[in-house]
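A.B. asks: With the input below, show me the fold.
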Amino acid sequence: CSTAGSAPTTRDDEPVGMTTEVNFYHLTKSSLEDALPRLLLKTLQAGERAVVLLGSPERVDALNTHLWTYDPNGFLPHGSARDGEAERQPVWLTHLDENPNGAGFLFVADRAKSERVDQYKRCFELFDGRDEGAVADSRERWKAYKAAGHAVVYWQQTAAGWEKKA
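C.D. replies: Numbers count the residues shown, from 1 in each chain. Alright, predicted model coming up:
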C-alpha cells in the first residue's frame, strides 16, 4: 500500500523532508477529548486522512472509546491496531510513530513525539495549557520545528474561540 503524504525521494531514494505547517493548539478551555473530534471532522471534510499520535496504548484505547460515544447523533470513522485494517481507516489512533493509513495530517497529543513530521502536509500539536510540563515541552518543539524550516502557527483558546497568536 502506498502512503499519501510520503516525502518525495531523491535519485538515491533518500527521503527529502517537506516543509510542514505545524499548528500548535494551546488548550485552556477544553480538553483534548472536546477539541480533537472537531478538528478531525474538519480534516475528513477536507478530504484528508489523519494519524492521531498519543502517549500510551491506554490513551489510544480511551480515545478510541470516546470517539465512538462523544456524539450520539454523529459518526467519526476511526480505528486503531486493535481494530486492524489501517489502510481502510480515515483516522488512525496510535501510540507508535507510524502512518499505516497514508494520512496527510498528523495530530500529536499527550506529549507524544513524532520524528516523521516532514512526511505530512500538516501537523497539529495539541497541548494542555494547565500542564506546565506540557507547555514547556511545546515551547521546545516550537523552536525545533522552526529550526527545521517548518511553518509554525500558534492558536490559543479564548472565551471567543480559537485565536491565532503567531
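A.B. asks: residue contacts, Leu40?
C.D. replies: If a contact means CB atoms under 8 Å, 6 or more residues apart in numbering, then Leu40 has 50, 52, 67, 76, 78, 91, 107 as its contacts. The C-beta positions use only the backbone N, C-alpha and C, and glycine is treated the same way.
A.B. asks: hmm, try it at 6 Å
C.D. replies: Shown here is Leu40, whose contacts under the criterion CB atoms under 6 Å, 6 or more residues apart in numbering are 50, 76, 91.
A.B. asks: Give the rounded mean pLDDT of the helix or strand encompassing it.
C.D. replies: Leu40 belongs to helix 32-45 when elements are defined using DSSP states H and E. Mean per-residue pLDDT for helix 32-45: 95.
A.B. asks: Beyond that helix, next helix or strand please.
C.D. replies: Beyond helix 32-45 on the C-terminal side, the first helix or strand identified by DSSP H and E is strand 50-53.
A.B. asks: and that next one, which strands flank it?
C.D. replies: For strand 50-53, the paired strands and their directions (DSSP bridges) are strand 91-94 (parallel), strand 105-108 (parallel).
A.B. asks: distance between it and the chain's centre?
C.D. replies: Relative to the centre of its chain, strand 50-53 is centred 5 Å away, using CA atoms, centre = their mean, to the nearest Å.
A.B. asks: quick one: the helices in the protein?
C.D. replies: Secondary structure of the chain (DSSP state H): helices located at 32-45, 57-69, 132-147.
A.B. asks: Out of the strands paired with strand 50-53, the one nearest Asn23 is which?
C.D. replies: When those are compared by CB to CB, strand 105-108 sits nearest Asn23, at 9.7 Å.
A.B. asks: what's the closest one in contact with?
C.D. replies: Taking contacts as CB under 6 Å, 6+ apart, the residues outside strand 105-108 that touch it are 43, 48, 50-53, 114, 120, 122-125.
A.B. asks: hmm, back to that, make a markdown table out of the contacts of Leu40 and add distance to Ala136 and neighbour count.
C.D. replies: Listed next are the contacts of Leu40 as a markdown table, based on distance: CB to CB, whole Å; neighbours: other CB atoms under 10 Å:
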| residue | distance to Ala136 | neighbour count |
| --- | --- | --- |
| Ala50 | 26 | 26 |
| Leu76 | 31 | 17 |
| Val91 | 29 | 26 |
